[in-house]
Structure formats: C-alpha cells, structure tokens
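[1] Build me a model:
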Amino acid sequence: MRCGREEPYRNSILYSRSSEERDPQFYQGTAVVSEAEAAGMRAGHPPTAAPRENMIWIPDGTFRMGSDRHYAEEAPAHQVTVGAFWIDRTPVTNREFRKFVNATGHVTFAELKPDAKDYPGALPRMLKAGSLVFTPPKQPVDLRDWSQWWKLKFGANWRRPYGPRSSISGLDDHPVVHIAYRDALAYATWAGKELPTEAEWEFAARGGLEGAEFAWGDELTPGNRQMANTWQGAFPHENLALDRYERTSPVTAFPPNGYGVYDMIGNVWEWTTDWYLPQHEPPGSRITPGTSACCSGGDVSKRERSFDPSVSLPIPRKVMKGGSFLCAPNYCKRYRPAARMPQAIDTTTCHLGFRCVVRQP
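    Model prediction:
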C-alpha cells in the first residue's frame, strides 16, 4: 500500500530552466567557510557558525540505513557512512519560499500550463496549470483507488494550496507545498545550498538513535503524546486530528529529534536527490555529495531505471522521505526514518515540500 496515493502523475518531464534561473544574478552564491572552520568540520566538530541561518550541524557517522521489517522498498537494511553536513532546522516555509520568489521571479511548476507535446493524447481541457490536492471522501472507499481522495485542482499551487479560493494567509510558518523537484533545486541553488541525498536525510532524521523505529524512539505515541503531524483515524474519510491538525502544521509544532531538527517525520514528504529504485542497492563504502548507497544523483542509467513500468509516459522519479499528515496506521506506516517512496519529478501535491543541506568542504 502507498501513503495516500499510488503515484498520481500530474505534469510532464522536467521543463528547461527559466530565464531567471539562467541569469547569473539569479543565484546568491555558494556557502563558504574558512580553512580553520573546514579543519574543524573534518575532525567532526561544527564550525563557529552555521553557513546559513537556522541550520543544524550533523556530524559524520556510520548507521544502519533502511529496514527489513516493513515495506519491500526499504530493504535491505545496510551500513552506510555519511560525511558531516549542515541541514535546515525545519522544512522550507511559505515565508522563506516567498522571499525566494520575490527575489527571482521564479514561477513554480504547478503554476505553468502543461505543454501538449509533453502529454501525447492528453485531453485538451486537462492541460491547465494546477496540482494534486487531498480531498477526503465522506465514507469508506476502496484503498486501492487513490482517485477517491486525490483530485487535480486547476489553480492549486504554493500560494493557493487547496485551490483558487484558498490562500496561505496565516500560514507563513507552515511548510511550502506543491513544489516540484525543479522548484526545490532552484531554491536550494539561490540560497547557496543543496538538496540532501536519501542517506543524508535518513541519517539526520534518526537523530542519533541507531536502529530505533521512529525518530524519537520505538513507540509511535509515547505516553499517548503525538510526536508528529500524521493521520489518526480511518484513512481517508475519518480524521480524528488527535494531533490538532487536519492538514499541514507549523514547522516547530512538534518536538525536534536528538539533533535538534524539526519535522523530519510527518507534516510533509521531502525531496531527496536520489533516483528511485524499488530496493536499496548494495552499499558503497562512503557517501559523496550528490550520491548515496542506493542510488546515484547523476547516473543516467539509474535515472532511466527510476521510470514507473506501469505508466506509458516515462517520467523520472526521485526518492521522497519522511511521510506526511496523510500517513495512517490503516493505510501507510511511513512515518519512520527508513520509509521511502517514489515521486515523479514533475508532480506536485499538497503534502510534499523540502529542506536543504550544506556539505563540508
């Protein structure tokens, strides 16, 4: 079973970069640290200050990635070594993404009208800008049919997350959503950062707890305390909202993990740079920037292998991590660091966001 959907595809293969992105003035630059700071980082100590505001230092280390106890795509569990890096304290928020858009004029994928040539045979009336929005049914439905709760809404995007009549007023500290991979990458480049690999993301999510089921330990709700924004009740028609949120929540609404990082589990799924493969591959000895033990960020063959064989239009898929407010015990138990799912790089939804990293030199 999948978490809230069986990969409903929305847009087309990745568009070429916009004119704003090609302009050298579009980028803020790359994070730079001194030689002394770099030496300390190589020794496992953080530099004197974060390269950007609100980032958390993750020391290098070796951990057991994946799981042999849950979904097939999480196996096999294997040892992975990750170099030290900084990671955003929270997912990128609406406030932060607005600054990026105001500075660059960036237009997100969900705001662009799909090109008919990228969708052979598509109905002309469907070729409008929009995105996928969770729309709960009023009664139990067949959990094998994601169309019972996912709807393509024209006019839905990061500014209007639930359709044309919605807004993000009062949601400045909520995670930005309806973000395609190209949008996340453009933001990261502008901010002088990068997107995390799957291994980096999972290592940071575990918060130093080796082998724990969740980012906070082995109990989902220790002492009946809700530790993340997930679904309580019978998905998709009954949302008890025991965690107080029916949709997204402020990015610091729940406790941070052992590293001090917030919202690694629940609220919204997050992009990583890895091409999706149905299982982890035999691990390498060390993670280098842009790669992981399971997939390579730049390997064309793995890009092609990420295609969904059940879909006629070949769209590359990346790994997304962390689960979302739609993950429920009766349908999806992916509110765990080891959990992973594929996401087409052109598809945007109301429960997918991202965060960034800065790696040591």
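[2] quick one: Ala188 is in a helix?
    Yes: remark: Ala188 belongs to a helix, assigned using DSSP: H, G, I helix; E, B strand; the rest coil.
[3] Please verify my assumption that it contacts Tyr181.
    No: applying Cβ atoms under 8 Å as the test, Ala188 and Tyr181 come out as separate, 10.6 Å apart. C-beta: built from backbone N, CA, C; applies to glycine.
[4] Spell out for me which residue occupies the centre of the protein.
    Centroid-nearest residue in the chain, with Cα atoms, centre = their mean: Glu270, separated by 1.0 Å.
[5] tell me the contacts of that one?
    Going by Cβ atoms under 8 Å, 6 or more residues apart in numbering, Glu270 touches 91, 201, 320-322, 352-355.
[6] Quick check: phi and psi on it?
    The phi/psi pair for Glu270 (degrees, to the nearest 10) reads phi -130, psi 140.
[7] Likewise for Phe97?
    phi -70, psi -30.
[8] Can you tell me how far it is from Thr349?
    As judged by Cβ to Cβ, to the nearest Å, Phe97 and Thr349 stand 16 Å apart.
[9] go on, Arg95?
    To Thr349, Arg95 is 21 Å away according to Cβ to Cβ.
[10] which stretches of the stretch 51-200 of the chain form strands?
    Ranges of strands in the stretch 51-200 of the chain, per DSSP state E, counting those that start in this stretch, are 55-58, 61-65, 78-82, 85-88, 130-134, 150-154.
[11] the more surrounded of Arg95 and Thr349?
    Each of Arg95 and Thr349 has its neighbours counted (other Cβ atoms under 10 Å); Thr349 has more, 28 against 13.
[12] Check the gap between the residue nearest to Trp57 when sequence neighbours are not counted and Thr348 for me.
    Spatial nearest neighbour of Trp57, chain neighbours left out: Pro46 (3.7 Å); criterion: Cβ to Cβ, 6 or more residues apart in numbering. Distance of Pro46 to Thr348, computed by Cβ to Cβ: 34 Å.
[13] Those two - which one has more neighbours?
    Neighbours per residue (other Cβ under 10 Å) separate Pro46 from Thr348, with Thr348 holding more: 26 against 17.
[14] pLDDT at Ala228, what is it?
    pLDDT recorded at Ala228 is 98.
[15] surely it meets Tyr335?
    Yes: contact criterion Cβ under 8 Å: Ala228 and Tyr335 qualify, at 5.9 Å.
[16] Identify each of the helices in the stretch 101-250 of the chain and give its residue range.
    In the stretch 101-250 of the chain, helices defined by DSSP state H, counting those that start in this stretch lie at 181-190, 198-206, listed in chain order.
[17] I'd like to know which of the ones you listed is closest to Gly163.
    helix 181-190 (18.9 Å; Cβ to Cβ).
[18] Please identify the buried residues of the closest one?
    Judged by neighbour count using 16 or more other Cβ atoms under 10 Å, the buried positions of helix 181-190 are 181-190.
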